[in-house]
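J.: need a 3D model of the following:
(2 chains)
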Number of protein chains: 2
Amino acid sequence: MNGPAADGLSERGRRTIPAPTNPMVTPLLTDMYQLTMAYAYWKAGKHLDVAVFDLFHRKTPFGGEFTVFAGLDECIRFVSSFKFQDYHIDYLRSVMPSNAEEEFFECLKKLDCSDVVIHAIPEGSVVFPRVPLMRIEGPLWVAQMLETTFLTLVNYASLVATNAARHRLVSGSSKMLLEFGLRRAQGPDGGISASKYCYLGGFDATSNLEAGRLFNIPVRGTHSHAFVSSYMSLDEIVGRSLVFADKKKVCEDFVGMVQHSLSKLQGIEALRAVFSETNQSELAAFSSYALAFPTEFLALVDTYDVMRSGIPNFCAVAVALHNLGYKPRGIRLDSGDLSYFSIQARKFFCTVENELGVPSFGKMTIIASNDINEDTLDALNKQGHEIDAFGIGTHLVTCYMQPALGCVYKLVEVNSHPRIKISEDVSKVTIPCKKQCYRIYGKEGYALVDLMTGESEAPPKMGERILCRHPFNESKRAYVNPQRVESLYKCYWAGNSGLTQEPLPSLEESRQRCQKQLAAMRPDHMRGLNPTPYKVSVSGKLYDFIHFLWLNEAPVGELL
Amino acid sequence: MNGPAADGLSERGRRTIPAPTNPMVTPLLTDMYQLTMAYAYWKAGKHLDVAVFDLFHRKTPFGGEFTVFAGLDECIRFVSSFKFQDYHIDYLRSVMPSNAEEEFFECLKKLDCSDVVIHAIPEGSVVFPRVPLMRIEGPLWVAQMLETTFLTLVNYASLVATNAARHRLVSGSSKMLLEFGLRRAQGPDGGISASKYCYLGGFDATSNLEAGRLFNIPVRGTHSHAFVSSYMSLDEIVGRSLVFADKKKVCEDFVGMVQHSLSKLQGIEALRAVFSETNQSELAAFSSYALAFPTEFLALVDTYDVMRSGIPNFCAVAVALHNLGYKPRGIRLDSGDLSYFSIQARKFFCTVENELGVPSFGKMTIIASNDINEDTLDALNKQGHEIDAFGIGTHLVTCYMQPALGCVYKLVEVNSHPRIKISEDVSKVTIPCKKQCYRIYGKEGYALVDLMTGESEAPPKMGERILCRHPFNESKRAYVNPQRVESLYKCYWAGNSGLTQEPLPSLEESRQRCQKQLAAMRPDHMRGLNPTPYKVSVSGKLYDFIHFLWLNEAPVGELL
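T.: Numbers count the residues shown, from 1 in each chain, chains lettered A, B, ... in the order given. Predicted coordinates:
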């Protein structure tokens, strides 16, 4: 199931939709109540009522004013493969009351999503609260049954993609961002999803090999502290010969060459205040690593002492590699004051470049990776640093700042009757009706407002002034003169409806969409501190209808 | 792969160990650097060095002083099935430098864990910082390669099991705790792992059907707000007949009987101040649900208005069911002031019991479920409430208070040479050597201290006074007189070593171990506010050795 065929890619135009990446995503990966409701609908003869559900979120995460929508691809894979297996049915029979009718289970066995139609905003889009990310139409029981699985697939995906995008915004586009979170992720699939959606949100690579294989994401990794401390001395290294980069000669004693380089470094006046003797276990580990990876030598330099041991040892090996025609990559810092050490390391590299005449030695890559989050990135930017790439784990993948997104799935219409969910908390009142959604752009090319209308209303037109209203706050309304109108929905699952089904974009395409949309947003919506809320509105007609329905359904209170 | 055979249970004495629950758990679910290190070890001829790694955590989560260890079962399943597939190797070849030697990949293909030995503290145990939860011995390259996957399987499992245990401690043993987190979990497997380990940590049931099926956890669920709002009026209900509980008679118009019950409730003087007309969509939904589930009628009562509509409608249906000989279950509250509404609902039920003479109607189950966490539970206890069961989702499964646990995997010995990882941060210095771990109990029967010794030291004995030292703080030491000594490790993976391999306990057994251990801890270690830290120590001999090694390895600073 999870073998070579599950490549995680969906090429544009491919006719068959692959199965969900995680084979555990089946119709049984849902809440029990979806099945008890299905039974009750079926018993009442209501299961084929035509329902419309909206999937949306009420609040952007991390105190920001935008969300990156992700997880759609997996939802459509799920829908496409939706089928109860016999062992699912057997299990359901065992947990439903013993008087549940057998005919129900027979109907379940035959159920698929061919009568379902799904419209959605494309994956990787920048989205805002209340605008439905997905609109699901279909027979009440099956449309209802999709709820939990869709939420599971969208909530974390969108949360972590947004988190990645925020890290990208803070770090700037010139830095390399590496996702290193697998070991701290919430379960194996938390790790795999994190790698996928961090890449979508703007990261460059992952340490997670399985994610690399499944989604064709670049992978990165060198060695750990354990590698360094597993060596005790240079005597341990058995194979000491290394071929030159041009393959024309062989250096018979690379380790000797490293020792020679180290003594040359020790002879540099300017470095005498920095180090004298270095840790020999570390030197052995670095030499050994270089012998294995002469073309991509990158070393973790903080196992013993960054400036007194790690950097000089790295430079000794790197200079030796350089002598053989190789271009060493750089270092990783995993503790301490990253700003300070990166600046000191850069100075050290430049000194080596100047003193020993090693060209571009000063431009060595410096990777930093120790409990990095948005705040650290911001602080490093303010302090100044010489870091080229960040390896980010725990805070990124577990979304430490806010580990859950609250997307919900609400019924908005049954058999063409609009439905509303009332709540004492206004933010929880749902916007009824099957809707269309638009993004309206202004003169400067920036998005101005998202607009929801009833399905049958005429779409807003370029140059035609239109009233946009806050869905619940009477006084908040504005006329907008659209310079461009973008219809947000595409049909990603047409079932048997005869509608044209949009092919699923590849991860790479969704990633590009995300980067393009982030870059096109007005900067004040995207800034870290006190961002301006982006406006989400309804048409005048939809506004009136919401409030008519609300008054109709809400009980009149009595103050006692 | 993920079908009927993957039952998640491992019965005592079963000879074969099942595959990991999630088929995505393969040797490729790891960080890239594990493979680059493997290659470097192999190149250096060091890959068969005998290594010992410790898996441990440095800090208990959630501001508490204990952790519940979980995830071991999945680690052993992983080890047991550890094998690179051809498509893994093909992928690895594509990401390793082109000059990597083919022979390495051939060796990888043949690799398994038969030369590995794993000792561990049993799953479900209460554990403390620095004491290794698992001790992994084996050829350096394979023992190293297990790191990321083990951490992924243990970190979240232990975190969420601890979170569940904390919720159980606050709620008390008499309340029913239901895990409702799937839709907010970090990915599908975040959801499935959460259900598994919340059950281990003391929850009673889950809403997650797939977890129920895989691990034999009781499942619970009724209906959502959408179910209620999908109904418009009583006219919609087509099949209105319901057989009596004793199956001897049939009530031809159950809906009429519900309406009759409602008018009887409306006639009760004491309830007049509470409600008059109720929402008819809701009454239709409840009636319909009761027709489908007469034996286990439980209704969500807050779609429109709890006291003015939900409770009276529920009671109308419940009284009608009672007339047919059924025993309705109760209600779920999902918003508002849970303390207030549960008390008001209980009063309403008692009034119905007294006024209409419905026996035990007052004892109806009240379930509450709205963003509940440890603090809410604590506050509800202080305010007073009438809730019998809690449905807990987001905060529980995403471990909102602290979404990551920081277990690490450190090399402590190579070819019988102890290894230490130095750090400027003392809490990050590792405790070297292959070790034995004990829990020492005092006179009152409570655990007093955990003690680590060198592997070859004699174990502490009952009644023999022993010096226990803090591993890094010279001044912290105490004599202990053990009344009972528990050796913490069992061998869960013997490989080809000839050691006796402990069978994996079932989830139920680990759950019972957890409950038993939590109950046996001294209460001041377990309390929410300012818990007393539990003591973790090393023997005098190990202490001396740590500090000898530390001085040996750490560079001597120079103040400039």
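
J.: who's the closest residue to A:Ser416 other than its chain neighbours bridged to?
T.: Using CB to CB, 6 or more residues apart in numbering or on different chains and skipping residues adjacent in sequence, the residue nearest A:Ser416 is A:Val50, 7.3 Å away. Yep, even glycine has a C-beta here, placed from its N, CA and C like the rest. On the basis of DSSP bridges, A:Val50 is bridged to A:Pro139.

J.: hey, where'd the strands end up in the stretch 101-250 of chain A?
T.: All strands of the stretch 101-250 of chain A, identified by DSSP state E, counting those that start in this stretch, fall at A:117-120, A:126-127, A:134-139, A:176-179, A:205-206, A:242-243, A:250-251.

J.: which residues are contacting the fifth one?
T.: I take that to be strand A:205-206. A:176, A:178-180, A:195, A:198-199, A:212, A:217-220 (CB atoms under 8 Å, 6 or more residues apart in numbering or on different chains).

J.: those residues in helices, which ones?
T.: A:195, A:198-199, A:212 (DSSP state H).

J.: contacts for whatever helix or strand A:Phe314 lives in, please.
T.: Counting by DSSP states H and E, the element that carries A:Phe314 is helix A:311-323. In this structure, residues lying in contact with helix A:311-323 by CB under 8 Å, 6+ apart are A:254, A:257-262, A:264-266, A:271, A:274-275, A:278-279, A:282-283, A:286-287, A:289-290, A:294, A:297, A:299, A:301, A:327-328, A:331, A:344-345, A:348-349, A:352, A:356, A:358, A:361, A:364.

J.: could I get it in PDB with only the CA atoms?
T.: Extracted C-alpha coordinates of helix A:311-323, given in PDB (Å, rounded to 0.1, in the frame of the first residue of the first chain):
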ATOM      1  CA  ILE A 311      35.600  25.200  14.200                       C
ATOM      2  CA  PRO A 312      39.400  24.600  14.100                       C
ATOM      3  CA  ASN A 313      38.800  20.900  13.600                       C
ATOM      4  CA  PHE A 314      36.300  21.500  10.800                       C
ATOM      5  CA  CYS A 315      38.700  23.900   9.100                       C
ATOM      6  CA  ALA A 316      41.600  21.500   9.300                       C
ATOM      7  CA  VAL A 317      39.500  18.900   7.500                       C
ATOM      8  CA  ALA A 318      38.000  21.400   5.100                       C
ATOM      9  CA  VAL A 319      41.400  22.800   4.100                       C
ATOM     10  CA  ALA A 320      42.700  19.200   3.600                       C
ATOM     11  CA  LEU A 321      39.700  18.500   1.400                       C
ATOM     12  CA  HIS A 322      40.300  21.800  -0.500                       C
ATOM     13  CA  ASN A 323      43.900  20.600  -1.200                       C
END
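
J.: in the stretch 51-200 of chain A, what residue is nearest chain B?
T.: Nearest residue of the stretch 51-200 of chain A to chain B (CB to the nearest CB) works out as A:Asp189 at 3.1 Å.

J.: and that residue, how many residues sit next to it?
T.: Other residues within reach of A:Asp189 by the criterion other CB atoms under 10 Å in any protein chain shown amount to 29.

J.: again with A:Asp235
T.: Count around A:Asp235 with other CB under 10 Å applied: 9.

J.: same question, A:Ala478
T.: A:Ala478 - counted by other CB under 10 Å - has 13 other residues nearby.

J.: show me what contacts A:Asn279?
T.: By CB under 8 Å, 6+ apart, the neighbours of A:Asn279 are A:303-305, A:309, A:313, B:553, B:555.

J.: before we move on, what about A:Cys113?
T.: A:Cys113 touches A:79-80, A:82, A:138, A:142, A:146, A:493, A:495, counting by CB under 8 Å, 6+ apart.

J.: which ones among these lie within helices?
T.: Reading helices off these with DSSP H, I get A:79-80, A:142.

J.: A:Ser339 and chain B: what is the separation?
T.: Distance, A:Ser339 to chain B, by CB to the nearest CB, to the nearest Å: 16 Å.

J.: give me the buried positions along the helix or strand hosting that residue.
T.: Using DSSP H and E, A:Ser339 maps to helix A:338-356. Applying a neighbour-count criterion of 16 or more other CB atoms under 10 Å in any protein chain shown, the buried positions in helix A:338-356 are A:338-349, A:351-353, A:355-356.

J.: quick one, what contacts A:Asn552?
T.: So A:Asn552 contacts nothing (CB under 8 Å, 6+ apart).

J.: let's verify it: helix, strand, or coil?
T.: helix (DSSP: H, G, I helix; E, B strand; the rest coil).

J.: quick check: it vs B:Met232, distance?
T.: According to CB to CB, to the nearest Å, A:Asn552 stands 12 Å off from B:Met232.

J.: so where do the strands sit in the stretch 301-450 of chain A?
T.: Under DSSP E, counting those that start in this stretch, the stretch 301-450 of chain A gives strands at A:330-333, A:365-368, A:389-392, A:408-414, A:417-418, A:435-441, A:447-454.
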